[in-house]
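> below is the structure, and that's it, no one-letter string:
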Ligand SMILES: *Cc1c(COP(=O)(O)O)cnc(C)c1O
């Protein structure tokens, strides 16, 4: 089946008892036992499993063409579950521009438990030089945040295979509509479902999708159900509902992003536009080869530095000044302010989550903000 069909049908079934076309929300935390003490429905207690979570995990697994998915209460909870599933002392290689929330999580919560190096994973020599006997996983994120750097997933997976390492790919920016990391050799995909899956800036969620079932995956399942950072039945319902329109939403986002990037590139006050869909992007060819579409996140830097960037971000009328991404509304932010004092993000950089408003209105808004 194609992705549009999967998105609509894989997470939904007509209710057997009421014939409701949309799967009902089951709020119950506990389920009645059979007379022999069993649970013939397959459900016993909602931290372990819930019908709406099962539906969500089914559609997530199919969207990424994985064996199974596990859903979480946030993207960071999904990432943390990977880290918690590793043996103490395991070494993680992660990108130097890893999503700052997960980079900070590793530094604040896993120092002394795991080892980690934040490096340029796109340089094969640097990557290989950092592989140690205790290295367990290579974490990648592509396109990256907020510099929209592209990691060649196949290349990293090739290196990882040689050394018997696992590759986890944060696919939040791309979504399965734009990129299929498992098909390129990654072992696991991570998502912040808060972003495009939710799509309306009104829920938090996270997901892991595994290429195959394994002891490692069982460990992650245990972290999920014993740790308990699970999404509520309501959030699972909303995610399944939103995912039905994911392919069409993402296509609209991508269409707008490409046009906005081209407009920005031609604007005299713009210094650089970072968008993998532009032929000026240093890794445009890799992006073209490994992505189905270029995504809808872009960053641009302004001539005149930080002052100038802040002036523009304060002059927008349709864009909202806010962090996060993936919602129907366009967002813009002065990224280094969001990332805090240890940021390496250029001070004149603005990050944009391109929404689904009409592109003419978005261009007009940035035009007036930069006038
Ligand atoms: C937002 C985000 C996360 C974290 O997800 P939350 O849902 O905010 O916990 C991880 N990775 C990327 C790329 C993100 O954009």
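Sure, I can see it. Quantities reported herein were computed from a predicted structural model and do not represent experimental measurements.

> how many residues are close by residue 113?
14 (other C-beta atoms under 10 Å). All C-beta spots, glycine's among them, are computed from the backbone N, C-alpha and C.

> grab the nearest non-local neighbour of it.
residue 88 (5.5 Å; C-beta to C-beta, 6 or more residues apart in numbering).

> that neighbour and residue 114, how far apart?
Residue 88 sits at a distance of 7 Å from residue 114 (criterion: C-beta to C-beta, to the nearest Å).

> these two - which one has more neighbours?
Neighbours were counted for residue 88 and for residue 114 using other C-beta under 10 Å; residue 114 has more, 20 against 9.

> wait, what's in contact with the closest residue in space to the more buried one that isn't next to it in sequence?
Leaving aside its sequence neighbours, residue 114 sits nearest to residue 90 (C-beta to C-beta, 6+ apart; 5.5 Å). For residue 90, the contact set (C-beta atoms under 8 Å, 6 or more residues apart in numbering) comprises 114-115, 134-137.

> need the per-residue pLDDT for residue 90.
With respect to pLDDT, residue 90 scores 98.

> and the one 5 residues further on, by the same measure?
Reported pLDDT at residue 95 in the predicted model: 97.

> for residue 285, see how far away the residue nearest to it when sequence neighbours are not counted is.
Excluding its sequence neighbours, the residue lying closest to residue 95 (C-beta to C-beta, 6+ apart) is residue 121, at 4.9 Å. As judged by C-beta to C-beta, residue 121 and residue 285 stand 18 Å apart.

> settle it for me: which of those two has more neighbours?
With neighbours defined as other C-beta under 10 Å, residue 121 and residue 285 compare such that residue 121 has more, 29 against 13.

> quick one: secondary structure of the more buried one?
Following DSSP: H, G, I helix; E, B strand; the rest coil, the label given to residue 121 is coil.

> list the contacts for it?
93-95, 127, 138, 140, 151, 156.

> next step: these restricted to helices.
127, 156 (DSSP state H).

> let's have the contacts of residue 121 in TSV, adding neighbour count and distance to residue 49.
Converted to TSV, the contacts of residue 121 look like this (neighbours: other C-beta atoms under 10 Å; distance: C-beta to C-beta, whole Å):
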residue	neighbour count	distance to residue 49
93	25	33
94	22	31
95	24	34
127	22	38
138	27	31
140	27	30
151	24	34
156	26	33
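
> which residue does the chain have closest to the ligand?
residue 75 (2.2 Å; C-beta to the nearest ligand atom).

> residue 205 is in contact with that residue, correct?
Yes: counting by C-beta atoms under 8 Å, residue 205 is a contact partner of residue 75 at 7.5 Å.
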